[in-house]
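Trainee: Based on what follows, work out the 3D shape:
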Amino acid sequence: YIKCNSIWKPDVTNYLISNVKPGDIVVECGTNIGYYTTLLSKLVTKTGKVYAYDANSEVLQLADLSLKMNGLSDHVILKNSCVSDKYGTTQFKFITLDPYKFIGLCNVGTSHILASNEKKSYCLFSSYTVRDINTVTLDSDLQDVKQIDWLRMDIEGAEILAIQEIGRAHV
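Mentor: Numbering: from 1, shown residues only. Predicted coordinates:
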């Protein structure tokens, strides 16, 4: 989709372009392949900073590659962690795509914390593995960051966990 249209989710992309400014500090939870990470890094310029989290190390490598190819790595901190409501570990369902089948219908971004009653994969052309991964809280992990201007989350339903922890820490 990005290759054909040069943009992903035009409404979100245009909102970010119109509002994120040089020098801003951005926290991004759910980096995936780095589309928004790359965009945000360009917008905050070298005077800002982007803290980008993703639990899936494979897609995080693609985000890292995109940042390096665009000369934007110096003001982005990539973190291979799952943002949640506590430090520790959790089981994570990693969607893997079969490169020999049509993958246009699959979304690698549907990797997520494994629900206790979950049994099936979401796509006929993919499979999944379950692994234990590290979890972090934003309050603890970013305790030295004095100000956050923007928080973008797309963490497949775990947003409420991350937000609950932020709320508890500031009560």
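Trainee: who touches the residue nearest to the spatial centre of the chain in this structure?
Mentor: For the chain, the residue nearest the mean C-alpha position is Gly30 (1.6 Å; Cα atoms, centre = their mean). Contacts for Gly30 were tallied using Cβ atoms under 8 Å, 6 or more residues apart in numbering; they are Tyr53, Asp54, Gly109, Arg152, Met153, Asp154, Ile155, Glu156. For the C-beta atoms, the positions are set from N, CA and C on the backbone; glycine is no exception.
Trainee: Look at Ser140 and report its pLDDT.
Mentor: Looking at Ser140, its pLDDT stands at 88.
Trainee: what pairs with the helix or strand containing Glu28, and is each one parallel or antiparallel?
Mentor: Assessed by DSSP states H and E, Glu28 sits inside strand 25-29. Partner strands and pairing direction for strand 25-29 (DSSP bridges) are strand 49-53 (parallel), strand 150-153 (parallel).
Trainee: Dump it to CSV, restricted to CA.
Mentor: Listed in CSV are the C-alpha atoms of strand 25-29, where the atom choice follows Å, rounded to 0.1, in the frame of the first residue of the first chain:
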residue,chain,number,x,y,z
ILE,A,25,9.9,14.7,22.1
VAL,A,26,7.8,11.7,20.8
VAL,A,27,7.1,8.3,22.3
GLU,A,28,5.9,5.8,19.8
CYS,A,29,4.5,2.4,21.0
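Trainee: and the strands paired with strand 25-29, which is most packed in?
Mentor: Most buried of these, by mean neighbour count (mean count of other Cβ atoms under 10 Å): strand 49-53, with a mean of 24.
Trainee: what element comes up after the strand holding Glu28 heading to the C-terminus?
Mentor: Defined by DSSP H and E, the subsequent element after strand 25-29 is helix 35-44.
Trainee: I'd like the next helix or strand past the lowest-mean-pLDDT helix or strand in the chain.
Mentor: Lowest on mean pLDDT, DSSP states H and E among the helices and strands of the chain sits strand 112-113, with a mean of 54. Using DSSP H and E, the helix or strand that directly follows strand 112-113 along the chain is strand 126-136.
Trainee: packing partners for the helix or strand following that following strand?
Mentor: For strand 126-136, the following helix or strand on the C-terminal side (DSSP H and E) is helix 138-141. When contacts are defined as 3 or more Cβ pairs under 8 Å, 6 or more residues apart in numbering; DSSP states H and E, helix 138-141 sits against helix 159-169.
Trainee: Now do Ser73 against Thr37, distance only.
Mentor: 10 Å (Cβ to Cβ, to the nearest Å).
Trainee: what residues do those two have in common as contacts?
Mentor: With Cβ under 8 Å, 6+ apart, Ser73 and Thr37 have common neighbours Leu67.
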